[in-house]
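**Student:** curious how this folds, go ahead:
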Amino acid sequence: MDQIKEYGQSELNQNKKEKNIHLLSIIGEIEGHEQLASGMKATKYEHILPQLAKVEDDQEIDGVLVILNTVGGDVECGLAIAEMIAGLSKPTVSLVLGGSHSIGIPLAVATDYSFIVPTGTMVVHPVRMDGTFIGVTQTFNYFRKIQERINYFVTHHSNITEERFTELMNATEVMTKDVGSILIGKQVVKEGIINEIGSLRQALEKLYTMMD
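**Tutor:** Numbering: from 1, shown residues only. This next block holds a predicted model:
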């Protein structure tokens, strides 16, 4: 219970398959190097990274289920978590509940297979940054490099092309006063970002199959 309360993680090991599944929930905002305001729901990357290393090293863990409902957050730290998930040798399945926006997209596609509920959403938009940067050219190049890293990860862990992902990211007709695209359920699957529409039952069934 303490693991659920403190880190949003648990072990699912009471199933008929006699499999030990590590449940990882990524909720709220991805907190990075700076601490968010008190009262905000957040997933702390300094908690997730060592836990994922432990999962990889633990012979008793058969697979990983990642549940997401996130608005995004720190880009660097979100990518670090996504790379860790993608690098696991255990079977992994993700399930998007509510939403998995911005840097939540690489997190959702980092697993071996992905699901989204019919009402789940994804917001695809260019990198946004807070803070002060000195020099317009340097700032632009910095943004471009980060965006290239995100595009590369998403397109190499899903079925969407970089051209289409960039097109969705830069769309102007959907989001008021901003650029980007809002995709819901079947749209996300149709675009090739997520593998399949489904909920918890389908995600667990897929993971059982992969572990067998």
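**Student:** can you tell me what sits against stretch 75-88?
**Tutor:** With contact meaning Cβ atoms under 8 Å, 6 or more residues apart in numbering, stretch 75-88 is reached by 26, 30-33, 45, 48-49, 52-53, 55-56, 64, 66, 72, 92, 103-104, 106-107, 109-111, 127, 129, 146, 149-150, 153, 157. No exception for glycine: its C-beta is placed from N, CA and C like everyone else's.
**Student:** mind checking which of those residues are in helices?
**Tutor:** Those of these mapping onto helices are 45, 48-49, 52-53, 55-56, 104, 106-107, 109, 146, 149-150, 153, per DSSP state H.
**Student:** tell me how far the spatially closest residue to Glu31 that is not a sequence neighbour lies from Val154.
**Tutor:** Once flanking residues are discounted, Glu31 sits nearest to Ala42: 4.2 Å by Cβ to Cβ, 6 or more residues apart in numbering. For Ala42, the distance to Val154 (Cβ to Cβ, to the nearest Å) stands at 23 Å.
**Student:** then Lys19?
**Tutor:** From Lys19 over to Val154 (counting by Cβ to Cβ), the distance is 29 Å.
**Student:** more neighbours: which of the two?
**Tutor:** Under the criterion of other Cβ atoms under 10 Å, the comparison of Lys19 against Val154 puts Val154 first, with 21 against 17.
**Student:** quick one, what contacts that one?
**Tutor:** Shown in contact with Val154 (Cβ under 8 Å, 6+ apart): 105-106, 109, 160, 165, 193.
**Student:** filter those down to the buried ones.
**Tutor:** 105-106, 109, 160, 165, 193 (16 or more other Cβ atoms under 10 Å).
**Student:** make JSON lines out of those and add distance to Asp178 and pLDDT.
**Tutor:** Compiled in JSON lines, the buried ones among the contacts of Val154 are given as follows (distance: Cβ to Cβ, whole Å; pLDDT from 0 to 100):
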{"residue": "Ile105", "distance to Asp178": "16", "pLDDT": "95"}
{"residue": "Pro106", "distance to Asp178": "20", "pLDDT": "95"}
{"residue": "Val109", "distance to Asp178": "23", "pLDDT": "97"}
{"residue": "Ile160", "distance to Asp178": "21", "pLDDT": "96"}
{"residue": "Phe165", "distance to Asp178": "17", "pLDDT": "95"}
{"residue": "Ile193", "distance to Asp178": "19", "pLDDT": "97"}
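**Student:** could you identify the most distant pair in those?
**Tutor:** Within those, Pro106 and Ile160 form the most distant pair, 12.1 Å apart (Cβ to Cβ).
**Student:** close enough to count as contact, the residue nearest to Glu31 and Ile30?
**Tutor:** Yes. With contact defined as Cβ atoms under 8 Å, Ala42 reaches Ile30; the gap is 7.4 Å.
**Student:** show me which of the two is the more surrounded one.
**Tutor:** For Ala42 versus Ile30, neighbours defined as other Cβ under 10 Å are more numerous around Ile30 (29 against 19).
**Student:** quick one: low-confidence ranges for the chain?
**Tutor:** Residues of the chain that meet the criterion pLDDT under 70 lie in 1-9, 14, 17, 33-40, 128-140, 174-177.
**Student:** where do the strands sit along this structure?
**Tutor:** Along the chain, the segments classed as strands by DSSP state E run 9-12, 21-31, 42-44, 63-73, 92-100, 113-116, 121-124, 181-184, 196-197.
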